[in-house]
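>>> Below are the sequence and a predicted model; questions follow.
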Amino acid sequence: MSSFNSYLKYRHFDWNAFYSSWQKMIIGTEDFSTLEGDKKRSESDRLRDRIKTLWKSFNENRDEFTKKYSDEKKFVAAYISSFYMPNIQRTFAILTNRQNAHLLKNICKCQDELVILDFGAGPLSATAGFLISLDFAGIDLTGKKIKIMSVERSSNMLNAGFELLKAAFPSLEIEHNNYSSALKVPENADIILCANVFNEIPEKHRLVTLESLINVMKGNLLIIEPGQDVHSRSLGSLRNALLKEMHGKFRVLSPCLHTLECPLSSESERTDWCWFKNTWYVPEGVTFIDRITGIDHRQLNYSYLFIDNNEPSVPQKGWKVISDIILPVGPNNRSRFENWMRNNIIEGNSKCLFHVQNANVGKVLLCSHDGKLASIIGNKEFLASAKRGFVINSVPQGTCLCKER
């Protein structure tokens, strides 16, 4: 998986100008490395204290961030220093992965303008990730007017994000307007971006909010949520509720291979959940911020849902990998596990564990094209290529496919 900041062949995105502007916004200089002595220590202490305050508000009382910090310029700068670039990379990783990359050209099929709705926009990190993804995919934005409609309460956060966006894309014509709700936006959007926002909305209001967004969706809608179990499961439940209300009026593009109920929603009795990860080349400035705060952004975890307004199509046979390799065999359960495997095998080699030592028995959880859970079992060396997020179209030789409840 590529990192948005390490690709060298962009046509529109100017990484150097963007990175310099980001540093200047945070510490008042365009290069972190110029800080020395007392100045470096004082800036580090200032950023660390504010970022930790934000981190605590995110994880203990999210409302506190909205009420107390989201529009204060000093906390806006702190937020952008630690969380802005990782959120760009999450959006970029989703839109450029194997399942989604080919969809980008369809989003930009309009000739004259590209309309983006960034809902709960913050500093427009999802919009930045989307535009960078288009450039990475080789889509020529020259002469195309880009209209960004945002829904965001913090004017200072928006202003900071738009300033960085203009630095990132100096050659593009970008127009930005903010609205108080999705109901107030004046036109339909080619893509709607909702990054880390639905987990902040009371559960009873999530479905009606999503329906209001779909009503102004001309093309695609992307929801990105944190990777923790509670957020992933809630997203699965929101997806199920939307299916009941608007069945046949939208198509799930990814991560799912189907437009059926999610088997790992909040209603599931299983302890598994559907999440994905991205390891990227962390910019030096973000590494510096992580070092002083103790936050680690080397691996970015997330859950997501990508849909469009086409009717559901008949899915092709396949399985989405939704776990890392699991080691299911302990010192006392080999026979019980093999009995379970033989009783639940769908296809493949029923003797795949013959001569495989306990420590080498591997299992990977899958979500299939028919909306059911399954798993591939075999020597963990055979499963090494089955990475979380990949799509498998056939059962690998020397393994077996089993049904999961």
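Right, received. Where do you want to start? A quick note: this is a predicted structure, and the numbers were derived from the prediction, not measured.

>>> low-confidence ranges in the stretch 51-200 of the chain?
Applying pLDDT under 70 to the stretch 51-200 of the chain flags the ranges 64, 67, 110.

>>> what are the ranges of the helices in it?
Taking DSSP state H, counting those that start in this stretch as the test, the helices found in the stretch 51-200 of the chain are 62-64, 73-79, 85-95, 104-107, 125-136, 155-168.

>>> Pro283 is nearest to which of the ones you listed?
helix 85-95 (6.2 Å; C-beta to C-beta). C-betas here are computed from N, CA, C, even on glycine.

>>> where's the residue lying farthest from the centre of the chain relative to Asn333, distance?
Farthest-out residue of the chain from its mean C-alpha position, per C-alpha atoms, centre = their mean: His355, at 40.0 Å. Distance, His355 to Asn333, by C-beta to C-beta, to the nearest Å: 18 Å.

>>> ok, now Cys194?
42 Å.

>>> If you count surrounding residues, which of those two has more?
Cys194 (25 against 12; other C-beta atoms under 10 Å).

>>> Run through the bridge partners of that one.
For Cys194, the beta-bridge partners under DSSP bridges are Ile223.

>>> which ones are touching it?
Contact partners of Cys194, counting by C-beta atoms under 8 Å, 6 or more residues apart in numbering, are 119-120, 126, 213, 221-224.

>>> Helices along the stretch 201-350 of the chain, start to end?
203-214, 229-246, 284-293, 334-344.

>>> nearest to Leu253, of these?
Using C-beta to C-beta as the measure, helix 229-246 is the one of the helices of the stretch 201-350 of the chain that comes nearest Leu253, at 12.3 Å.

>>> I'd assumed the residue farthest from the centre of the chain was in a strand, is it?
No: assessed with DSSP: H, G, I helix; E, B strand; the rest coil, His355 is coil; it does not lie in a strand.

>>> could you check the distance from it over to Ser3?
For His355, the distance to Ser3 equals 41 Å [C-beta to C-beta].

>>> Identify the residues contacting the closest residue to Ile94 other than its chain neighbours.
Distances taken as C-beta to C-beta, 6 or more residues apart in numbering put Tyr304 closest to Ile94, at 5.5 Å, once the chain neighbours are dropped. Each residue near Tyr304 by C-beta under 8 Å, 6+ apart is listed here: 94, 222-225, 235, 254-255, 276.

>>> Kindly reformat the residues you listed as CSV and extend each row with neighbour count.
What follows is these, written out as CSV (neighbours: other C-beta atoms under 10 Å):
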residue, neighbour count
Ile94, 25
Leu222, 23
Ile223, 22
Ile224, 25
Glu225, 22
Leu235, 27
Ser254, 21
Pro255, 22
Phe276, 23
